[in-house]
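> Predicted coordinates and the sequence they were generated for:
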Amino acid sequence: MMNINEIKEILPHRAPFLQVDRVLELVEGEYIVAVRGISNNEPVFEGHFPDNPILPGVLIIEAMAQTAGLLAFKTVGQTASSNKVYVVASVDKTKFRRPVLPGEQLVMRATIKSRKRTIWKFHAVATVDGQEVAVSDITCAERDL
C-alpha cells in the first residue's frame, strides 16, 4: 500500500532512525499495519549484544509509535512538509513477549483508541511470524516543528 519513498513523504524520520519500511494496510481514522525488516547489518547489533544480537525494546516501541504516527498523519491529511510531528507522550501497559532477532520481519498494527484535539491514543501490537512480541498503549501529541 505504501513503500519507503511514500513513507518518507509523510514521516519526518530518516535513517538510521526510520523504523517503518512498508505499509500493508491503512484505514484512515481506524488502523494501520506496517512492517520493518530487521537486518543483521544494523549498527545497534554491534553493542546489543555482540554475540547474541536482539533488537532493543525501545526500538520496537519506536517502530510501533512511528506506525501510529503514520496513521495520524494520513487521517488528518498531513505530510512531513506540514511542519508537524507526533511525539510520544506516554507508553502504557507495555509488555515484551520474546526477543526480535536479525533476519526477522516485525509487523506492527496500530489502532486509534481515541483522539482529543492534538492528543492521540493508540493500541499497538508487534508480531513476528504471527506471534506477538510486544504490545503497548501509546499516547502521542501533535506538535509544531
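Cool, got the structure.
> Let me see the ranges of the helices in the chain.
4-10, 57-76 (DSSP state H).
> Mind putting those helices into TSV with distance to Asp21, mean neighbour count and mean pLDDT?
For every residue, glycine as well, the C-beta is placed using N, CA and C. As requested, the helices of the chain are exported to TSV (distance: least, CB to CB, whole Å; neighbours: other CB atoms under 10 Å; pLDDT from 0 to 100):
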stretch	distance to Asp21	mean neighbour count	mean pLDDT
helix 4-10	6	15	96
helix 57-76	10	22	97
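> Could I get those helices in TSV, plus columns for distance to Glu46?
As requested, the helices of the chain are exported to TSV (distance: least, CB to CB, whole Å):
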stretch	distance to Glu46
helix 4-10	24
helix 57-76	14
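> Please identify which of the ones you listed is closest to Val44.
Closest of the helices of the chain to Val44 is helix 57-76, at 6.9 Å (criterion: CB to CB).
> Check which helices and strands the closest one is in contact with.
For helix 57-76, the elements it packs on are helix 4-10, strand 22-27, strand 31-37, strand 84-96, strand 105-116, strand 119-128, strand 131-144, judged by 3 or more CB pairs under 8 Å, 6 or more residues apart in numbering; DSSP states H and E.
> Compute the mean per-residue pLDDT across stretch 127-134, please.
On average, the pLDDT along stretch 127-134 is 98.
> Spit out the contact partners of the closest residue to Leu71 other than its chain neighbours.
Distances taken as CB to CB, 6 or more residues apart in numbering place Ile32 nearest to Leu71, at 4.1 Å, with adjacent residues excluded. The neighbours of Ile32, taking CB atoms under 8 Å, 6 or more residues apart in numbering as the test, are Val23, Glu25, Leu26, Thr67, Ala68, Leu70, Leu71, Lys74, Arg109, Ala110.
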